[in-house]
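> Sequence and predicted structure below; questions after.
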Amino acid sequence: MYAGLAKVLANVRASVEDWPAMREKALSRAEILATVLAGEDLIDLREAEDLLHWMEADNFTFLGYREYDLEKRDGEDVLVNREGSGLGLLRDGSSHPTVQHLTTTGQRKAREKRVLVITKANSRSTVHRGAYLDYIGVKSFDSQGNVNGEQRFIGLFSSAVYTGSVRNIPVVREKVEAVLRHFGFPPNSHSGKDLFAVLETYPRDELFQMEVSDLIEISEGILRLAERRRTRLFLRPDIYGRFMSALVYIPRDRYTTAVRHRIEEELMSTFSGVSIDFEARMSESALARLFFRIRLPKAYLVPADLQTAELEQRLCARRGPGPKVFLRCFAKLSRVRRQTGWSLSGQTRSRAATGLTSRWRTRWPTSPVLSVSMPATRLS
């Protein structure tokens with residue numbers, strides 16, 4: 001316990017002491033993007049510059065920084081620490097490896113001519129709040145325009161990211177505008193407003209990380225779902241193989257903590273998860289939205305033939321009985337009441353109620369989804 005507390009205090013001290021230097025690194029990198037790389041053919045150059053200025057304006061809690069060189073070793077692209085570049089949680093002498101091997105997807109993305117890499121780190125923050133750290137990578141380029149390294153910032157987005165409009169957040173706003181252009185709905189039309197509401201309320205971390213094509217596909221699925229009382233599942237694997245994101249819509253009156261736990265169990269079992277986090281959103285809609293982030297085991301490969309529809313059906317089975325089943329049970333109870341008149345003694349009525357419970361048990365799954373307490377002596 002003492003060792004753990006000492007480590008947390010050391011992390012807080014390192015983050016606070018190096019905080020000004022990390023902010024300066026963000027500003028200096030933005031200046032390089034605006035001047036040195038201004039003539040390069042990089043599609044997200046302006047977005048990266050805007051993001052770094054926005055992060056420095058108290059929209060990001062800087063907790064760590066380090067620079068890496070992208071090198072080829074034994075035919076493999078690896079990231080090698082630049083000695084003396086570490087700040088905060090990534091200070092020199094910390095427990096981070098000198099050479100970082102990349103996943104297959106990571107190697108393919110490493111030399112891609114894009115400036116930004118935005119994802120979640122595979123470790124939780126010990127400073128500020130215990131969430132998975134946000135990872136902002138800014139690539140560096142040689143004189144020929146080839147990727148030769150990365151400046152990495154780790155930390156946590158501020159609360160303003162999760163409460164403000166998507167139109168005010170760099171990177172996110174460009175993706176939102178791209179989706180709106182794709183569908184082409186008039187802004188004041190019913191469909192246009194519905195689409196923007198989907199994007200405005202979409203999990204913010206996902207908007208930073210996902211590709212526009214994935215956002216278009218999922219947005220279309222959500223629009224088609226509308227107010228239909230059914231269960232839908234949307235999956236998005238993290239491109240670096242660290243996480244699987246699952247967006248689940250279920251009828252609002254079917255949602256309980258017990259239902260969420262059973263959905264979590266199914267997702268953890270399906271993906272051999274190490275851990276799982278969730279967010280629940282309830283509104284005036286007939287549907288509740290659950291967002292899960294499943295941390296995947298190291299070297300886990302998402303099956304190429306993963307059947308989302310089959311997993312969706314298993315989630316349906318996990319959610320438990322709905323109002324229709326409940327009403328059918330009470331209809332049966334009403335028929336029995338009319339047939340018997342419930343003129344029996346309290347003890348006899350209690351035995352009758354126990355008998356009905358036994359008869360219905362096979363049709364009512366064992367679940368705390370709905371608990372009804374109705375003493376037999378109160379029926380008249």
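Received it, and whenever you're ready, just let me know what you need.
> tell me what the helix or strand harbouring residue 206 is packed against?
Secondary structure from DSSP states H and E places residue 206 in helix 204-209. Using 3 or more CB pairs under 8 Å, 6 or more residues apart in numbering; DSSP states H and E, the elements in contact with helix 204-209 are strand 116-124, helix 172-183. All C-beta spots, glycine's among them, are computed from the backbone N, C-alpha and C.
> Export these to JSON lines and append columns for distance to residue 200 and mean pLDDT.
Listed next are the helices and strands packed on helix 204-209 as JSON lines, based on distance: least, CB to CB, whole Å; pLDDT from 0 to 100:
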{"stretch": "strand 116-124", "distance to residue 200": "19", "mean pLDDT": "91"}
{"stretch": "helix 172-183", "distance to residue 200": "8", "mean pLDDT": "97"}
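> how about a markdown table for those, with distance to residue 33 and mean neighbour count added?
A markdown table is the format used below for the helices and strands packed on helix 204-209 (distance: least, CB to CB, whole Å; neighbours: other CB atoms under 10 Å):
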| stretch | distance to residue 33 | mean neighbour count |
| --- | --- | --- |
| strand 116-124 | 10 | 17 |
| helix 172-183 | 15 | 17 |
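> For residue 263, find the nearest of the ones you listed.
Minimum separation from residue 263 across the helices and strands packed on helix 204-209 (CB to CB) falls at strand 116-124, 20.8 Å.
> for the closest one, packing partners?
helix 45-54, strand 132-141, helix 204-209.
> Need those in JSON lines (columns: mean neighbour count).
As requested, the helices and strands packed on strand 116-124 are exported to JSON lines (neighbours: other CB atoms under 10 Å):
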{"stretch": "helix 45-54", "mean neighbour count": "21"}
{"stretch": "strand 132-141", "mean neighbour count": "21"}
{"stretch": "helix 204-209", "mean neighbour count": "20"}
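> Tell me which of the ones you listed lies nearest to residue 7.
Closest to residue 7 of these is strand 132-141 (CB to CB; 15.4 Å).
> mind checking how far the helix or strand just after that closest one is from the chain centre?
Sequence order places strand 147-157 as the next helix or strand after strand 132-141, per DSSP H and E. Distance of strand 147-157 from the chain centroid (CA atoms, centre = their mean, to the nearest Å) equals 20 Å.
> next one: stretch 84-104
Relative to its parent chain, stretch 84-104 has a centroid offset of 25 Å by CA atoms, centre = their mean.
> for stretch 97-108, same thing?
For stretch 97-108, the distance to the chain centre is 23 Å (CA atoms, centre = their mean).
> Do me a favour and get the end-to-end distance for it?
21 Å (CA to CA, to the nearest Å).
> cool, and stretch 51-69?
Start and end residues of stretch 51-69 are separated by 22 Å (CA to CA).
> in it, what's buried?
Neighbour-count burial for stretch 51-69 flags 51-56, 59-68 (criterion: 16 or more other CB atoms under 10 Å).
> Which two among the residues you listed are spaced furthest apart?
59 and 68 (24.1 Å).
> List the residues that contact residue 252.
Neighbouring residues of residue 252 by CB atoms under 8 Å, 6 or more residues apart in numbering: 282, 285, 286, 287, 288.
> sorry, back to before: so what touches the helix holding residue 206?
118-120, 134, 157, 161-162, 166, 169, 171-172, 175-176, 199, 215, 236, 238, 245, 247, 291, 293.
> Show me what secondary structure element comes after it.
As assigned by DSSP H and E, the chain's next helix or strand after helix 204-209 is helix 212-225.
> tell me which strands and helices that next one is in contact with?
Applying 3+ CB pairs under 8 Å, 6+ apart, we find helix 212-225 packed against helix 172-183, helix 190-200, strand 232-237, strand 243-251.
> For residue 146, find the nearest of the ones you listed.
The closest of the helices and strands packed on helix 212-225 to residue 146 is helix 172-183. By CB to CB, the value is 24.7 Å.
> in the stretch 201-350 of the chain, what spans have low per-residue confidence?
Across the stretch 201-350 of the chain, the ranges flagged by pLDDT under 70 are 318-350.
> let's see it at 80
For the stretch 201-350 of the chain, the stretches with pLDDT under 80 are 227, 299, 301-307, 317-350.
> residue ranges for the strands of it, please.
Taking DSSP state E, counting those that start in this stretch as the criterion, the stretch 201-350 of the chain carries its strands at 232-237, 243-251, 275-281, 287-295.
> Touching, residue 58 and residue 157? I think so.
No: using CB atoms under 8 Å, residue 58 is not in contact with residue 157, being 11.0 Å away.
> Reformat the helices and strands packed on helix 204-209 as a markdown table; add distance to residue 27.
A markdown table is the format used below for those (distance: least, CB to CB, whole Å):
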| stretch | distance to residue 27 |
| --- | --- |
| strand 116-124 | 16 |
| helix 172-183 | 21 |
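> tell me which element residue 106 is part of?
Here residue 106 is assigned to helix 104-110, by DSSP H and E.
> That'll do, ta.
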